[in-house]
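# Output the structure for:
(one chain, ligands or ions: 1)
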Amino acid sequence: MSPVDPNVDPLGAGDTADVAVPDLRLVEWAPRPQVSVPVTRVPRAAVPAVDVHNHLGRWLTPDWCAPDVDALLALMDAANIATVVNLDGLWGDELEANLDRYDRAHPDRFVTFCQVDWTLLERPDGEQVIAEQLRDSAARGARGLKVWKNVGLTVRGPDGALVLPDDPRVVGVLTLAGELGLPVLIHVADPKAFFDPLDAHNERFDELAGHPSWSFADRDRYPAFDDLIDALERLLVATPGTRYIGAHVGCVAEDLDRVERLLRAAPNLVVDIAGRLGELGRQPRRFRRLVEDFPDRVLFGTDAFPLSAEELEVHFRFLESADEAFDYVPGEDVPPQGRWQIAGAALPAHLLPGLYADNARRVLDARGR
Ligand SMILES: [Zn+2]
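Numbering: from 1, shown residues only. This is a model prediction of the structure:
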């Protein structure tokens, strides 16, 4: 055979014409996948499930708007969600309002966690004030403590230095949480891509372009991702009497080998899968191996608020089906976190009761009072 001449069109010069290439901006590109794949409908969880990571106080919304509780209960019944953990209890009057609206009105259906005001660490007596706040919240009936990513990223001490997750003041407060019997759901750092420059190689370019304030790439201002996860590990090891739920797959959904090392280093840690279908669904077989290796330490959670039947079904489909090439957030023209689709983990049926409910109940009910 003679070598192919790159200048010759194999279809025959003159038989084809180049289509006009539109001047398209990346943000306007919304490709429609052409693969035809089976769609498994999974409208209900295989067993009555606990969503261990949700936001019902809506402190993250501008209007502090609470959901319609009756409609939420109807949605939970339809989707086989037995219990939702509400991480928005905050403290004081807001905690009371959350406990009234959820835990006291609908016992067993809702479990409210409090938070503490870490910005008080700017005061020299901050740790003591926060400890009092936590004792007060436990006495009011909070069932756990949510620690947000501001610890490690924005909370500062009296000297102006960032307070990292393994700071002795944080260790002190979270040791107290263990003594009070409160499990701690902790979120450290954020997706790895948020710590990388916003450039042509960033896999969450669309998301960061839409929310530039979510970037933690400025290394003069923010710690590196790995340093935050290492600090999280030291915190877990330093507080062995406290039970932790590591939010978003232990805060390292991109690297399940690192999650495995966290789980081995800290027997007091379990992890939820909330808000990370986009990562787990790109490595469904590795995720299944994590669940097989740690059947009692991976928990169902969504971080989807307001909760919807469509979002719940995507979670069930990811966990229970072997479907391929589907959207991790339904109904979006462009996937909101990155331009990829996911595949199901097809978890064996015997692993589902633990993941959906039993592991969460073991952590939530161990309060012993
Ligand atoms: Zn959350």
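
# And the helices in the chain?
Using DSSP state H, the helices of the chain run over 69-79, 92-98, 126-140, 150-153, 168-179, 205-210, 225-238, 247-250, 256-265, 277-280, 284-293, 309-320, 352-353, 359-364.

# Now do the shortest one, average pLDDT.
Which is helix 352-353. On average, the pLDDT along helix 352-353 is 98.

# name the helices or strands packed onto it?
With contacts defined as 3 or more CB pairs under 8 Å, 6 or more residues apart in numbering; DSSP states H and E, helix 352-353 has no packing partner among the helices and strands. Glycine gets a C-beta too; all of them are placed from N, C-alpha and C.

# coming back round to it: point out the most buried one among the helices of the chain.
Most buried of the helices of the chain by mean neighbour count (mean count of other CB atoms under 10 Å) is helix 247-250; its value is a mean of 27.

# Which elements pack onto it?
Using 3+ CB pairs under 8 Å, 6+ apart: helix 247-250 touches helix 256-265, strand 269-272.

# contacting residues around that helix?
With CB atoms under 8 Å, 6 or more residues apart in numbering as the contact definition, helix 247-250 has outside contacts at 53, 185-187, 256, 258-259, 262-263, 269, 271-276, 279-280, 301, 303.

# can you pull the contacts of the nearest residue to Leu164 once chain neighbours are set aside?
In space, and not counting its chain neighbours, Leu164 is closest to Ala231: 4.6 Å by CB to CB, 6 or more residues apart in numbering. Going by CB under 8 Å, 6+ apart, Ala231 touches 152, 164-166, 188, 223.

# Let me know the closest of those to Ser36.
Lowest distance from Ser36 to the contacts of Ala231 (CB to CB) belongs to Val188, with 40.9 Å.

# Just confirm that closest one contacts Lys149, I think it does.
Yes. Assessed by CB atoms under 8 Å, Val188 is found in contact with Lys149 at 6.1 Å.

# between those two, which one's more packed in?
Val188 (25 against 19; other CB atoms under 10 Å).

# For stretch 187-194, measure first residue to last.
Stretch 187-194 has an end-to-end distance of 14 Å (CA to CA, to the nearest Å).

# and the contacts of Ala231 as JSON lines, adding pLDDT and distance to Leu121?
JSON lines is the format used below for the contacts of Ala231 (pLDDT from 0 to 100; distance: CB to CB, whole Å):
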{"residue": "Gly152", "pLDDT": "98", "distance to Leu121": "12"}
{"residue": "Leu164", "pLDDT": "98", "distance to Leu121": "12"}
{"residue": "Pro165", "pLDDT": "98", "distance to Leu121": "13"}
{"residue": "Asp166", "pLDDT": "98", "distance to Leu121": "14"}
{"residue": "Val188", "pLDDT": "98", "distance to Leu121": "16"}
{"residue": "Pro223", "pLDDT": "98", "distance to Leu121": "16"}
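
# show me what contacts Arg286?
Leu256.

# where's it relative to Glu260, distance?
Arg286 sits 10 Å away from Glu260, taking CB to CB, to the nearest Å as the criterion.

# quick one: low-confidence ranges for this protein?
For the chain, the stretches with pLDDT under 70 are 1-15, 58-65, 367-369.
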